[in-house]
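Peer 1: Kindly generate the corresponding structure for this input.
(2 chains)
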Amino acid sequence: GDSVTQMEGPVTLSEEAFLTINCTYTATGYPSLFWYVQYPGEGLQLLLKATKADDKGSNKGFEATYRKETTSFHLEKGSVQVSDSAVYFCALSVTGGFKTIFGAGTRLFVKA
Amino acid sequence: NAGVTQTPKFQVLKTGQSMTLQCAQDMNHEYMSWYRQDPGMGLRLIHYSVGAGITDQGEVPNGYNVSRSTTEDFPLRLLSAAPSQTSVYFCASSTPTQSNYGYTFGSGTRLTVV
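Peer 2: All right, here's what the predicted structure looks like:
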């Protein structure tokens, strides 16, 4: 079945460091891919998305590129801030579907 | 513009008790879903609905019931609470024209079963 695998956390970085959180997926169709972010005590918020191969999603300095050949959607940011501390979830939804499958989440701590 | 509203935010139940978690959205979204979030397991789909009067099971439906009598509301019922149902529950909605553009989530209900 469809699944998402993302790197285990926690990830601890100093402010202004480069961030990469790896995400790979398995899907039978042509999924849309998402990154969601969850701040403490809150629900998930959509961070960015990509709906087809080679699309790049971007938002708030975060980027991820839909790589069909490697079935990956890695999240990157060039310079993290303390306010980026949160849990990040990679997710997929098969084309035309409404059921989203989530990875286990990666907790990010950014130190000042 | 409230988005997705979940109540209550916190609840403690005794084993065997029943209760209903409420979810309402004001965006006229056709799709609504319930997820539970457990440490190290991400979010798992409990039940979902593609429109009023239509519901279906997700990955972990046992012990839960849902109904969808209106577009706005999608309550989740725990029939006989068990400690294994201790979790954080999230309701989410989306629309078919934007189903590839992500969910809108509620802020969650933290449930403890003792």
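Peer 1: contacting residues for the residue nearest the centre of chain B?
Peer 2: With distances taken as Cα atoms, centre = their mean, the residue of chain B nearest its centroid is B:Trp34 (2.9 Å). Neighbour list for B:Trp34: B:21, B:23, B:45-48, B:58, B:64, B:66, B:74, B:76, B:89-92 [criterion: Cβ atoms under 8 Å, 6 or more residues apart in numbering or on different chains]. Just so you know, the C-beta spots here come from the backbone N, C-alpha and C atoms, and that holds for glycine as well.
Peer 1: so of the residues you listed, which ones are in strands?
Peer 2: In strands, defined here by DSSP state E, the members of these are B:21, B:23, B:45-48, B:64, B:66, B:76, B:89-92.
Peer 1: Same list, the residues you listed, but only the ones touching chain A.
Peer 2: Of the entries in the ones in strands among the contacts of B:Trp34, the ones placed beside chain A under the rule of Cβ under 8 Å from any Cβ of the partner chain are B:Leu45, B:Tyr48, B:Phe90, B:Ala92.
Peer 1: And the residue lying closest to A:Pro31 once chain neighbours are set aside, which helix or strand is it part of?
Peer 2: The spatially closest residue to A:Pro31, leaving aside those adjacent along the chain, is A:Leu92, at 4.1 Å (Cβ to Cβ, 6 or more residues apart in numbering or on different chains). Following DSSP states H and E, one finds A:Leu92 within strand A:86-94.
Peer 1: Residue numbers of chain B in contact with chain A?
Peer 2: For chain B, the contact set with chain A under Cβ under 8 Å from any Cβ comprises B:4, B:31, B:33, B:35, B:40-45, B:48, B:50, B:58, B:90, B:92, B:94, B:96, B:99-108.
Peer 1: Need the buried ones from those residues selected in ChimeraX.
Peer 2: Buried subset of the residues of chain B next to chain A, written as a ChimeraX selection, criterion 16 or more other Cβ atoms under 10 Å in any protein chain shown:
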select /B:4,31,33,35,42,43,44,45,48,50,58,90,92,94,99,100,102,103,104,105,106,107,108
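Peer 1: all strands of chain B, in order?
Peer 2: With DSSP E applied, chain B shows strands at B:4-7, B:10-13, B:19-25, B:31-37, B:43-51, B:54-57, B:64-66, B:76-78, B:87-94, B:104-105, B:109-113, listed in chain order.
Peer 1: in terms of contact, does A:Gly78 touch A:Leu13 like I think?
Peer 2: No. Shown here, A:Gly78 and A:Leu13 do not form a contact pair, counting by Cβ atoms under 8 Å, at 11.9 Å.
Peer 1: Compare the two (neighbour count), which wins?
Peer 2: Per other Cβ atoms under 10 Å in any protein chain shown, whichever of A:Gly78 and A:Leu13 has more neighbours is A:Leu13, with 16 against 11.
Peer 1: where does chain A dip in pLDDT?
Peer 2: A:95-97 (pLDDT under 70).
Peer 1: interface residues of it facing chain B?
Peer 2: For chain A, the residues in contact with chain B under the definition Cβ under 8 Å from any Cβ are A:4, A:32, A:34, A:36, A:41-46, A:49, A:51, A:89, A:93, A:95-105.
Peer 1: Now the buried members of those residues.
Peer 2: Buried subset of the residues of chain A next to chain B (neighbour count, 16+ other Cβ under 10 Å): A:4, A:32, A:34, A:36, A:43-44, A:46, A:49, A:51, A:89, A:93, A:97-105.
Peer 1: Cross the residues you listed against helices and list the overlap.
Peer 2: Among these, the subset assigned to helices under DSSP state H is empty.
Peer 1: What's the separation between A:Gly78 and chain B?
Peer 2: In this structure, A:Gly78 and chain B are separated by 23 Å, where distance is defined by Cβ to the nearest Cβ, to the nearest Å.
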